[in-house]
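**Student:** The following block contains a protein sequence and its predicted model.
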Amino acid sequence: MYKFSKYNSIIPLSDTISAVYNSKEDKCIVIKRDLEGYFKLPSLDLEKNHPSIYQNLLDINAIVDYDRDELQEVIQRSKEVDNSDKTYRLIINPTMNCNFKCWYCYESHIVGSKMSNEGVGKIIKFIDKTLEKNKNLNSFDLSFFGGEPLMYYSKVTEPIINHYRTKYEDYSHINFTISFTTNAYLLNDRMVNHLTYENDNKFFQITLDGGREEHNKVRVAQKEEGSYDKIIDSIKRLLREKISVLIRINYTAENIDSTKEIVNDLIDLNEEDRSYLSISFHQVWQDIEVNNIDDKVKEVMELYQKHNLIPKGEETELLEGLTNPCYADKKNEAVINYNGDVYKCTARDFTKENKYGELNDEGEIEWNEKILTWEELKIQSKACQNCRILPLCGGGCHQINLEAKGLDKCQMGYDNEKKDEVIMNRLEKLFFHEA
């Protein structure tokens, strides 16, 4: 016997046709709308009356064996992705101090905090042992976070990168990358010269908080001077050096209009420099539930597209949480704080309550018992287990799942209408756009 897949969705495309989309297989077929009623009946009815359509649905696993446990297959796929031994991401907080104090920042900045020479030595040992133990690695990302990771660059970051680079020759099969999440205000010639000394893959995420005036209200540098122009200069300098930059534009209802002004400071980039630039917009989390400004955001996006700063079709991201989950979901990921405490997520404060282990003197992580809970968090709620787009979403953020443990609701806040919107966005980009 056969049944309709639990991951089917019927999405109207016009008055006469609909798409039958299966999120587990990421495939669809187009049917006449007057056939939609068959999906409320046993699949046998469709087989009798429309055998060719029935066969097409079988081909994309929109019809499956009655005893098939699709949920367990999705859970298994999720575990395989999260437990992959092909990649490693090491995130380091050289300090929890910062040269800015943004109003929305969740972190508690610690003045004077800095990774010690001993701490740097333990990181170096950890890199060595990680490469030795993980025989199947094909990529390794060394990422600097914080605090502000460009503080204490010569004392902490530089020696770690120098050692990391000595591994390139011995592990030539591994794609090594270096990345920073920074405000870029402290970037100077010495840092750029050090970063560009080796022709390796480098990536910067740099935040702007609106146009010049609005940004300078939020990100006040020392001596009360504005930081906007210095940050724009840093971005352009990195792009000229062929270093990839993602500008993260944080917006609120108050500053969204001013983000149009940023275009004027980027339109002079030549085509080659632009090829290393990407831009993403993120509503400040404290503003999300207060203000719905989707129409204004769309207007801003269209302006950026007009000036070729955002490619058309990339104003919305595809939901791919299962196949491309958050880095913190991965087993082969660790955040090491300046003091040796180890975490999984960078989106929460680095407190004793949130830590998952410590880096010992031998350069090994001693995980605490909480790591077992972390690794089993995914797809536990009934809302996730019964969701038709689970294979796209993947169950959402580990950290939010941890904090919402026991709450049986979609952490993404998706209703059926929003789920259809997610699917339609995918259909337009992957199937109908090219056609």
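**Tutor:** Received the coordinates, thanks.
**Student:** alpha carbons only for contacts and neighbour counts from here, please
**Tutor:** Will do.
**Student:** Hmm, Phe203 and Phe180 touching each other?
**Tutor:** Yes - assessed by C-alpha atoms under 8 Å, Phe180 is found in contact with Phe203 at 6.4 Å.
**Student:** So which of the two has more stuff around it?
**Tutor:** A direct count of neighbours by other C-alpha atoms under 10 Å for Phe180 and Phe203 places Phe180 higher, at 22 against 18.
**Student:** Report the contact partners of the more buried one.
**Tutor:** 143-145, 149, 203-205 (C-alpha atoms under 8 Å, 6 or more residues apart in numbering).
**Student:** 7 Å - rerun?
**Tutor:** 143-145, 203-205 (C-alpha atoms under 7 Å, 6 or more residues apart in numbering).
**Student:** Can you classify Leu131 as helix, strand or coil?
**Tutor:** For Leu131, the assignment made with DSSP: H, G, I helix; E, B strand; the rest coil gives helix.
**Student:** Could you tell me how many residues sit around it?
**Tutor:** 16.
**Student:** Please tell me the pLDDT value assigned to it.
**Tutor:** We have a pLDDT of 98 for Leu131.
**Student:** same check, this time on Ile288
**Tutor:** 66.
**Student:** Kindly report the same for Ile243.
**Tutor:** 98.
**Student:** how near is it to Ser23?
**Tutor:** 36 Å (C-alpha to C-alpha, to the nearest Å).
**Student:** With Lys129 instead?
**Tutor:** 39 Å.
**Student:** Kindly report the same for Ser43.
**Tutor:** For Ser43, the distance to Ser23 - C-alpha to C-alpha - is 19 Å.
**Student:** Between those two, point out the one with more neighbours.
**Tutor:** Legend: neighbour count by other C-alpha under 10 Å for Ser43 and Ser23, higher for Ser23 (22 against 17).
**Student:** In contact with that one: list those residues for me.
**Tutor:** If you count contacts by C-alpha under 7 Å, 6+ apart, then Ser23 has 7-8, 389, 391-392 around it.
**Student:** Could I get the residues you listed in TSV, plus columns for secondary structure, distance to Ile160 and pLDDT?
**Tutor:** Rendered in TSV, the data for the contacts of Ser23 read as follows (DSSP: H, G, I helix; E, B strand; the rest coil; distance: C-alpha to C-alpha, whole Å; pLDDT from 0 to 100):
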residue	secondary structure	distance to Ile160	pLDDT
Tyr7	coil	46	98
Asn8	strand	49	97
Ile389	coil	42	97
Pro391	helix	38	96
Leu392	helix	37	95
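**Student:** ok, so of those residues, who is nearest Glu421?
**Tutor:** Ile389 (11.2 Å; C-alpha to C-alpha).
**Student:** contacting residues around the closest one?
**Tutor:** 7, 23.
**Student:** if we go to 10 Å?
**Tutor:** 6-9, 22-24, 319, 395, 419-420, 422-423 (C-alpha atoms under 10 Å, 6 or more residues apart in numbering).
**Student:** for Val192, same thing?
**Tutor:** 234, 237-238, 241, 243.
**Student:** Just the residues you listed: which are in helices?
**Tutor:** 234, 237-238 (DSSP state H).
**Student:** which residue packs closest to Lys6, ignoring adjacent ones?
**Tutor:** Nearest residue to Lys6 in three dimensions, chain neighbours excluded: Arg388, at 6.1 Å (C-alpha to C-alpha, 6 or more residues apart in numbering).
**Student:** thinking the one you found is in contact with Asp415, fair?
**Tutor:** No - between Arg388 and Asp415 there is no contact under C-alpha atoms under 10 Å: 11.2 Å.
**Student:** who has more neighbours, the two?
**Tutor:** Arg388 (20 against 10).
**Student:** tell me the pLDDT at the more buried one?
**Tutor:** 97.
**Student:** Give me the most central residue, the protein.
**Tutor:** Centroid-nearest residue in the chain: Cys326, 5.3 Å away (criterion: C-alpha atoms, centre = their mean).
**Student:** Distance of that residue relative to Lys419?
**Tutor:** 20 Å.
**Student:** Where does the prediction get shaky in the stretch 51-200 of the chain?
**Tutor:** 102-108 (pLDDT under 70).
**Student:** and Leu372, which of the three is it?
**Tutor:** helix.
**Student:** and it, what is it in contact with?
**Tutor:** Tyr356.
**Student:** what's the distance between it and Leu58?
**Tutor:** 39 Å.
**Student:** do the same with Gly357
**Tutor:** Applying C-alpha to C-alpha to Gly357 and Leu58 gives a distance of 48 Å.
**Student:** now swap in Asp200 and tell me
**Tutor:** 46 Å.
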